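In: Kindly generate the corresponding structure for this input.
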Amino acid sequence: MGLLRIDETKCKKDGLCVRECPMVIIKLKDGDGFPEIAPGSEAACNDCGHCVAICPHGALDHARVPRESSPLIRKDLEINEDQAVQFLRSRRSMRSFKDQPVEREKLQRLIEIARYAPTGGNRQPLEWVVFTDPDKIKGIAEKTAEWMREVIEKAPQSVPPYFPLVLGAWDMGFNSLTWSAPALVIASAPREAGTGMVDLSLALCYFELAAPKLGLGTCWGGILYGAMRGSEAVREAAGLPEGHTHYYPMMVGYSKTKYARVPERNAPRITWK
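Out: Residues are numbered from 1 along each chain as shown. Reported below is the predicted structural model:
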């Protein structure tokens, strides 16, 4: 059996799957027959599933992207433009978390949602490290603070102006490194994934946009990311898979705050050509 399976009683031979295939390997047999993958081309298939998704007749199945696991798009779940704009504009970074653990099931659910984010060539290279142990998260924050002190000592004129403020707050018992979040997730990709940083950034965007609907808030860990880049000790504490050079951390938890408005942002700078 090949990759494609065609229900000849449903197929209209309309060529939708042929035109949609990004790898240009599907053709109509003998020019006007049923769809098939060109001989010798199956290895080029990147399993994107577009051929399954485009067929309105349910006539095409794919061995590695089965139709039964590819649900129909439901019209009743579509949102209008205003709803989409408010949904996107309502996204906020949360930095005040309740002292309440995040259920593993919810974190699993968010990662399952995030896996549908696009990746370069549909390679899907991402892996996830999830911390829910408060002591381990605090340990990462402590090593980050140590790294910041070393940076300040070595090059005080080149550090960001907020470094001393963050460290001063840390020394007084206020944690603005991980914001005392009860969970920390790190998405990563291997060195050879050329679009790895883009891939994981898109996945984290999916993750954070879905989080509020599960009652959770998120915050991108910018200082932690800098520490992971600059400190072997922080990278070891983060437990990244071997060879993963693309990564970014995100704090997760039940937020203490709730926003009532969507703030304004600068007008876009556009060059039309």
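
In: mind listing what the residue nearest to residue 21 when sequence neighbours are not counted touches?
Out: Computed as C-beta to C-beta, 6 or more residues apart in numbering, the closest residue to residue 21 that is not its neighbour in sequence is residue 51, at 5.9 Å. Every residue, glycine included, has its C-beta placed from N, CA and C. Going by C-beta atoms under 8 Å, 6 or more residues apart in numbering, residue 51 touches 4, 17, 20-21, 26, 35, 60, 62.

In: other SSEs contacting the longest helix anywhere in the chain?
Out: Secondary structure assigned by DSSP state H gives helix 134-154 as the longest helix of the chain. Judged by 3 or more C-beta pairs under 8 Å, 6 or more residues apart in numbering; DSSP states H and E, the packing partners of helix 134-154 are helix 162-171, strand 183-190, helix 222-230, helix 232-238.

In: Please report how far the residue nearest to residue 139 when sequence neighbours are not counted lies from residue 169.
Out: What sits nearest to residue 139 in space, not counting adjacent residues and going by C-beta to C-beta, 6+ apart, is residue 237, at 5.9 Å. Taking C-beta to C-beta, to the nearest Å as the measure, residue 237 falls 21 Å from residue 169.

In: the more surrounded of those two?
Out: Ranked by neighbour count (other C-beta atoms under 10 Å), residue 237 and residue 169 place residue 237 first, with 20 against 14.

In: picking that back up, among the contacts of residue 51, name the ones in strands.
Out: Taking DSSP state E, the ones among the contacts of residue 51 that sit in strands are 4, 26, 35, 60, 62.

In: can you count the residues close to residue 233?
Out: Residues lying near residue 233 (other C-beta under 10 Å) number 16.

In: And residue 181, by the same measure?
Out: Using other C-beta under 10 Å, residue 181 is surrounded by 28 other residues.

In: ok, so what distance separates it from residue 95?
Out: Distance of residue 181 to residue 95, computed by C-beta to C-beta: 9 Å.

In: Cool, thanks, signing off.
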